[in-house]
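Visitor: Here is a sequence together with a model predicted from it:
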Amino acid sequence: MHSVEGKTIRLRLAGSDDAAYIYSLRVNSSLNEHLSVVSGDVEAQKRWLLNYKAREQAAQEYYFIIERLDTGLAIGTVRLYDFIDGNASFCWGSWILDENKTRYAAIESAMLVYEFAFKKLGFKSCHFDVRKQNTKVIAFHEKMGALCQRESELDYFFTMSPASYERFFSTKSKYLVSES
Ligand SMILES: CC(C)(COP(=O)(O)OP(=O)(O)OC[C@H]1O[C@@H](n2cnc3c(N)ncnc32)[C@H](O)[C@@H]1OP(=O)(O)O)[C@@H](O)C(=O)NCCC(=O)NCCS
């Protein structure tokens, strides 16, 4: 498995050569308002990615660069991690799209995450957290069928089931595949 392809974007596994791009996203003040603060520099990011590669080899985590299909340009990142009890549940995050994104890259990348995790890896559920102030992203997940299970002072904690994703997919598959 090297990439997961949609209609206008693909997810490809990140490598240590992506350190500078990932670092540039994490320090971009128009994108990082609701993300955890990065410490260190590009070299630290590179070391982190090298450690991540071992987790990827062990099928414990997948960190993807989101690329445009038309030009191959990198437009963002998304990461699957915190795999619980084999394939009981996975978490996703590190979700960022920059100004070069395709119009529906957000829906497409979220759908590709669920396609990959539920249909290819066989996960039974999904969990993730969103900062309470990130209202646009909260609305995005609720429209997809995610359920808020609890909250802390800072975050809402959501789950998403394969059945909810299937309901979404049944009316929104046009965002993922070209209509013939
Ligand atoms: C989170 C992030 C990747 C989402 O991408 P985005 O492009 O802002 O997503 P949008 O909600 O604008 O969705 C893109 C398009 O899909 C549409 N869309 C979203 N959900 C949809 C749905 N369920 N059905 C139909 N269309 C939908 C939107 O209306 C929008 O189209 P428009 O431009 O015509 O209005 C991006 O905002 C980002 O990088 N944010 C900073 C980092 C961050 O906060 N990450 C999340 C941490 S939890």
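Guide: Right, received. Where do you want to start?
Visitor: doesn't L25 fall inside a helix?
Guide: Yes. Counting by DSSP: H, G, I helix; E, B strand; the rest coil, L25 falls inside a helix.
Visitor: nearest spatial neighbour of it, skipping sequence neighbours?
Guide: I96 (4.9 Å; CB to CB, 6 or more residues apart in numbering). Where C-beta positions appear, they are placed from N, C-alpha and C, glycine not excepted.
Visitor: any idea how far Y52 is from that neighbour?
Guide: From I96 across to Y52, the span is 16 Å (CB to CB, to the nearest Å).
Visitor: And F64, by the same measure?
Guide: 11 Å.
Visitor: same check, this time on E151
Guide: Relative to Y52, and taking CB to CB, E151 is found at 29 Å.
Visitor: again, but for D98
Guide: For D98, the distance to Y52 equals 20 Å [CB to CB].
Visitor: near the ligand, which residues of the protein?
Guide: Applying CB under 6 Å from any ligand atom, one finds that the chain approaches the ligand through 31, 34-35, 93, 95-97, 101, 103-104, 106-107, 130, 134, 136-137, 140, 143-144, 172.
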